[in-house]
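**Q** sharing a model prediction with you, sequence too.
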Amino acid sequence: MTSILTYLAAILLYILIGWYFWRNTWNLQQSGDDRECATLNWMHYMMLAPLTLHAITLYQSMFVGAGLSFGLGSAISAIVWLTAFIYWFSGFFSRLQGLQTLVAPIAAAAAIAMVLPLILPSVRPLENTELPAFRAHMLIAMMAYSLLTIAALHAMLMIVVERHLHHPAAHSVLTNLPPLLVMEKLLFRIIWAGFILLTLTLLSGVVFSKEVFGQPLTFSHKTLFAFISWGVFAALLTGRQLYGWRGRIAIRWTLTGFVTLLLAYIGSKFVLEIVLNR
């Protein structure tokens, strides 16, 4: 069983690193100190420590005995961890100064999410988890959820930046962010990646339902909301290509698709495990 010290160490590191990024991203707009930039890069590497500890706690809470225990708490924790990991890993390739602002809320969310498997343990192990098709389906689905979570966070940050442009403050962390046009291009790159993975998730669930779940495809609220979410993102990307959708229209569609996707999986698990106790 994972030591309580592992949880405490990970939570403390998440909070300290998130706080440090927030405070120094705020100050960098004025100082532009190269030493501060170097320290931020060093702290970026340090983020691997709580991510590793979080992964250990996830693994030990999910793989208890035979099968895979993947309840509501573990699902949320895994999605938040993967979101944090993808965002952290992309930082080595995307050198857009100022986007470190999101490290703070993501680190805070990860600190909270990692204790959810303890608060909301799995009711019963999942079936058919030994099948390679099921594992591939789960991995693709988690990556799709995580990328679209990042897209939703990015869209919300764009809302705040747009409001800041109309009501600028003398000293704001937001002045360090890239231009809205650059952020918008990045948003659609993230959505495209998430949409492709979501498409693969739905296709694998429909075409290989017997191999993935051990039974033919059955209609449910989860399936309905998943396809609605796919339709929302498909409409957004089509509107972008054909009509040049951008700005608030793109943000609204992004958040609508994300909320629908949230209802498809997290919402369904909440109703089944918490409300219906199944």
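**A** Alright, I've got the coordinates.
**Q** may I ask which helix or strand of this structure has the lowest mean pLDDT?
**A** Using mean pLDDT, DSSP states H and E, helix 209-213 stands out as the lowest-scoring helix or strand of the chain, at a mean of 63.
**Q** for the stretch 151-278 of the chain, which spans come out with low pLDDT?
**A** 167-177, 208, 210-218, 269-278 (pLDDT under 70).
**Q** let's go with 80 and repeat that
**A** Counting by pLDDT under 80, the stretch 151-278 of the chain shows low-confidence ranges at 164-178, 205-221, 265-278.
**Q** tell me which stretches of it form helices.
**A** For the stretch 151-278 of the chain, the helices defined by DSSP state H, counting those that start in this stretch occupy 180-207, 209-213, 221-243, 247-262, 268-270.
**Q** off-centre distance for the third one?
**A** Looking back up the chat, that one is helix 221-243. 18 Å (CA atoms, centre = their mean, to the nearest Å).
**Q** and it, what other elements does it pack with?
**A** helix 180-207, helix 247-262, helix 268-270 (3 or more CB pairs under 8 Å, 6 or more residues apart in numbering; DSSP states H and E). Every residue, glycine included, has its C-beta placed from N, CA and C.
**Q** outside of that helix, which residues touch it?
**A** 148, 188, 191-192, 194-195, 198-199, 201-202, 205, 217, 245-246, 249-250, 253-254, 256-258, 260-261, 263-265, 267-268, 271 (CB atoms under 8 Å, 6 or more residues apart in numbering).
**Q** 6 Å instead?
**A** Here helix 221-243 makes contact (CB atoms under 6 Å, 6 or more residues apart in numbering) with 195, 198, 202, 245, 253, 256-257, 260-261, 263-264, 268.
**Q** okay, the residues you listed in a markdown table with distance to residue 50 and neighbour count next?
**A** Below are the contacts of helix 221-243 laid out as a markdown table (distance: CB to CB, whole Å; neighbours: other CB atoms under 10 Å):
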| residue | distance to residue 50 | neighbour count |
| --- | --- | --- |
| 195 | 29 | 22 |
| 198 | 28 | 25 |
| 202 | 33 | 18 |
| 245 | 37 | 18 |
| 253 | 33 | 20 |
| 256 | 32 | 17 |
| 257 | 29 | 27 |
| 260 | 31 | 20 |
| 261 | 26 | 25 |
| 263 | 29 | 19 |
| 264 | 29 | 22 |
| 268 | 29 | 19 |
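**Q** now those residues as CSV including distance to residue 209?
**A** Converted to CSV, these look like this (distance: CB to CB, whole Å):
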residue, distance to residue 209
195, 21
198, 17
202, 11
245, 33
253, 29
256, 27
257, 23
260, 21
261, 19
263, 21
264, 16
268, 16
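**Q** out of those, who's nearest residue 116?
**A** residue 268 (16.6 Å; CB to CB).
**Q** now that closest one: closest residue in space, sequence neighbours ignored.
**A** Among residues not flanking residue 268 along the chain, residue 222 sits closest, at 4.2 Å (CB to CB, 6 or more residues apart in numbering).
**Q** do residue 194 as well
**A** residue 147 (3.5 Å).
**Q** list the buried residues in the helix or strand where the one you found lies.
**A** Element membership for residue 147 (DSSP states H and E) is helix 132-166. Neighbour counts over helix 132-166 (16 or more other CB atoms under 10 Å) mark 133-134, 136-138, 140-158, 161 as buried.
**Q** show me what it is packed up against.
**A** Packing contacts for helix 132-166, counted by 3 or more CB pairs under 6 Å, 6 or more residues apart in numbering; DSSP states H and E, involve helix 72-90, helix 180-207, helix 209-213, helix 247-262.
**Q** roughly how far is that helix from the heart of the chain?
**A** 5 Å.
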